[in-house]
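[1] dropping a prediction and its sequence here:
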Amino acid sequence: MLRRKLLTRTTFCVSLVLVLLFTIACSSAAQDTAPAAPASAPQAASSAPTAVPAAAAGAVVSGTTVSPGRVTMMLGGFNAEVFDNTIGGLSKEPRKHFHGSLSSWDRIDGQMQIVPGIAKKWEMSSDLKTLTYTIMEGGKFHDGSDITMDDVLWSLQHSVGPQAGDYGSSVAIAFSRISEKVELGPGPRQVSVTAKVPIPEVAVYWSENEGGASSGQIMPKRPLIYSQEQSDAYNLDPIGSGPLDLLEHIPQTSMLFQRFDGFYYQPDNGYPSDKRIKFEEMMMTLVPEEATRVAALATGEGDIGRVSQATFNQVESGGGKIVFSPESVIIESYLFGCYDDSLPCHDKGVRQALNYAINKEQMRDGLFGDEVFKINGFWIVTESTIGYDTDLDPFKFNPAKARELFTAAGLKNPDNPGGKDFGTMVLNTYPDPLLPTLTESARMAAANWEEELGLTVEVRVLDKVTYTKLRTKTPELLSGQAVWVAQNTRMDGAGITRAVAITSQRETDYNRKFQPNTRIHNDTSLFEMLKETMLSTGQATAEEDWHAAYVRMRDEAYHLSLGYVNAPWGTGPRILTWDPFPVCEYACAYHTITIPQ
């Protein structure tokens with residue numbers, strides 16, 4: 001196995017003079033601190049994996065031909081480039097494939113399912129407060145060492161133990177408030193996580209499926225549960241257990257990975273498919289500019305990169321193809337602090353009016369195209385989400401209805417010029433490589449509100465780090481304002497519903513009391529309905545119960561629901577096949593990528 005290493009920025013600048021692949025700006029990356037997310041149910045256990053010998057280039061391993069050569073993926077950002085995601089952040093394209101997860105996901109008979117990963121099964125206690133994983137035998141880290149029970153115990157204590165909020169990211173902080181203990185047992189090769197409240201959603205939230213969650217990713221045990229010095233040392237020489245093994249990391253520039261032949265998820269170990277990559281190496285490079293990514297696809301210097309409708313023809317004329325990640329991303333927009341009866345948005349009719357006044361068709365046709373943008377679903381709910389039905393689709397564009405609701409609330413608008421002034425509506429957004437036209441769509445929504453409702457709108461373009469701190473640390477500063485950000489969709493929305501609409505993501509006191517979340521609302525009946533619905537997660541009534549909950553949330557209109565995006569990726573001529581999983585906003589399913597032999 002080749003020795004992995006981290007190269008400094010100085011090393012890169014020397015290398016760049018010798019080998020100039022792209023015009024890449026050495027810019028700083030934003031911190032990834034995604035909010036808490038989704039839910040689960042146990043699946044049938046798979047047989048325990050065993051180590052697989054390394055394959056020679058071009059060899060056939062377990063029926064899979066490994067092509068010689070490298071695939072180059074161009075990404076808009078790496079985030080904080082911290083491989084211990086409890087401490088910092090790493091973009092999902094490398095993180096989800098460098099680390100192995102307790103529970104995985106796969107496409108089986110055409111349907112996405114949560115399936116065993118490092119854990120061969122899991123189960124909830126009768127009170128839904130304890131999740132117990134049974135861990136496979138024979139799993140390996142990239143350095144060839146065994147994945148032990150001590151590694152699993154340490155990883156969970158580090159990421160979701162009661163103390164994790166003292167040093168962790170927002171995901172760790174959110175769960176630490178309700179965490180009680182993490183311990184081995186009750187049986188052999190088992191580890192249990194116990195919370196102060198029911199947690200039926202966390203097995204999916206901690207799975208490979210969930211875009212923002214990293215709690216189920218297993219790392220080698222360190223001497224201390226937390227030490228910044230030990231975390232920094234790990235980041236210089238990280239060891240994971242996913243299908244990609246890191247060979248070289250040039251900060252803010254590139255990451256080079258090799259295929260990990262010993263990755264546990266393969267049919268020889270009882271898993272339903274072989275999720276090892278079918279080529280020798282993957283290079284991930286930081287290329288923030290879409291024009292540079294598109295040019296590199298045409299010259300062969302890059303193989304895969306996120307693109308937008310404006311460059312589809314250029315990609316295809318250069319011999320490439322457009323590949324879509326179905327149902328992968330939403331524009332997440334919601335209103336803060338509307339529980340305050342002094343704010344106009346305290347009135348449900350006003351919130352609904354803001355939804356009615358956005359011209360979704362204009363946004364789709366002007367910025368995305370009908371292949372990319374679908375005016376379906378509610379919030380993170382798409383056709384693939386538990387609880388979806390067509391009555392959850394966005395409010396249809398109806399400016400007359402919007403003005404009628406404003407007038408009923410006594411607010412000034414073109415039909416009621418003598419009404420009370422709404423004040424300035426602030427719409428907070430930031431540039432995000434997930435949606436290259438995100439800020440443009442925010443300005444289009446603002447223009448709709450100005451034209452149809454006569455509002456004065458300020459579109460405030462922040463950076464992601466600033467926005468995340470504002471949202472998680474001081475949400476009261478956003479009261480009466482709206483946010484307009486990119487968010488991944490969900491197979492099961494229970495976890496993110498807990499984070500956004502049930503529990504607080506902010507520290508309330510030193511003891512981390514479990515408090516309802518009033519960032520969005522303080523409706524007691526809605527709190528109680530959602531908490532009851534959480535208990536049906538993974539049960540026979542989940543589809544019906546979650547549908548009813550989402551219908552209620554849609555009607556309350558704290559969210560400005562628009563639809564979802566089939567995220568487009570440009571692929572160069574060398575990419576013969578790639579079939580990304582649905583409900584996956586990052587580049588995924590690398591095992592379906594094939595290149596010439």
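    Noted; the coordinates are in hand. Residues are numbered from 1 along each chain as shown.
[2] where in this protein is the helix or strand with the lowest mean pLDDT?
    Every helix and strand in the chain was compared by mean pLDDT, DSSP states H and E; the lowest is helix 9-18, with a mean of 32.
[3] quick one, strands of the stretch 301-450 of the chain?
    Under the criterion DSSP state E, counting those that start in this stretch, strands of the stretch 301-450 of the chain are mapped to 304-306, 321-335, 373-374, 424-429.
[4] and the shortest one, what other elements does it pack with?
    If contacts are counted by 3 or more C-beta pairs under 8 Å, 6 or more residues apart in numbering; DSSP states H and E, strand 373-374 sits against strand 564-571. (C-beta placed from N, C-alpha, C; glycine too.)
[5] do the same with the longest one
    Where contact means 3+ C-beta pairs under 8 Å, 6+ apart, strand 321-335 is packed against helix 312-317, helix 438-453, strand 482-488, strand 564-571.
[6] what mean pLDDT does that strand get?
    Taken as a whole, strand 321-335 has an average pLDDT of 95.
[7] how far is it from where the chain is centred?
    11 Å (C-alpha atoms, centre = their mean, to the nearest Å).
[8] what about Val483, distance to Leu470?
    9 Å (C-beta to C-beta, to the nearest Å).
[9] so which of the two has more stuff around it?
    Set Val483 next to Leu470 and count neighbours by other C-beta atoms under 10 Å: Val483 wins out with 24 against 17.
[10] hang on, that one packs against Glu332?
    Yes. Under the criterion of C-beta atoms under 8 Å, Val483 makes contact with Glu332 at 7.3 Å.
[11] is it true that Thr64 touches Lys278?
    Yes. Contact criterion C-beta under 8 Å: Thr64 and Lys278 qualify, at 6.1 Å.
[12] which one of those two is surrounded by more residues?
    Using other C-beta under 10 Å, the more surrounded residue of Thr64 and Lys278 is Lys278, with 19 against 15.
[13] tell me the contacts of that one?
    Residues in contact with Lys278, defined by C-beta atoms under 8 Å, 6 or more residues apart in numbering, are Thr64, Thr65, Val66, Ser67, His591, Ile593, Thr594, Ile595.
[14] also Glu180?
    Residues in contact with Glu180 (C-beta under 8 Å, 6+ apart) are Lys129, Pro162, Thr194, Ala195, Lys196.
[15] kindly provide the distance from the third one to Gln362.
    With distances defined as C-beta to C-beta, the gap from Thr194 to Gln362 amounts to 50 Å.
[16] which of these two has more neighbours?
    In this view Thr194 and Gln362 are compared by other C-beta under 10 Å, and Thr194 has more residues nearby, 17 against 14.
[17] tell me where the stretch 101-250 of the chain has strands.
    Using DSSP E, counting those that start in this stretch, strands in the stretch 101-250 of the chain cover 103-108, 111-116, 119-124, 130-135, 179-184, 190-195, 244-250.
[18] pLDDT below threshold where in the stretch 151-300 of the chain?
    211-213 (pLDDT under 70).
[19] again, 80 this time
    Filtered on pLDDT under 80, the stretch 151-300 of the chain yields the residue ranges 169-171, 174, 210-214.
[20] and if you look at the chain?
    In the chain, residues with pLDDT under 80: 1-64, 88, 169-171, 174, 210-214, 472-473, 499, 502-519.
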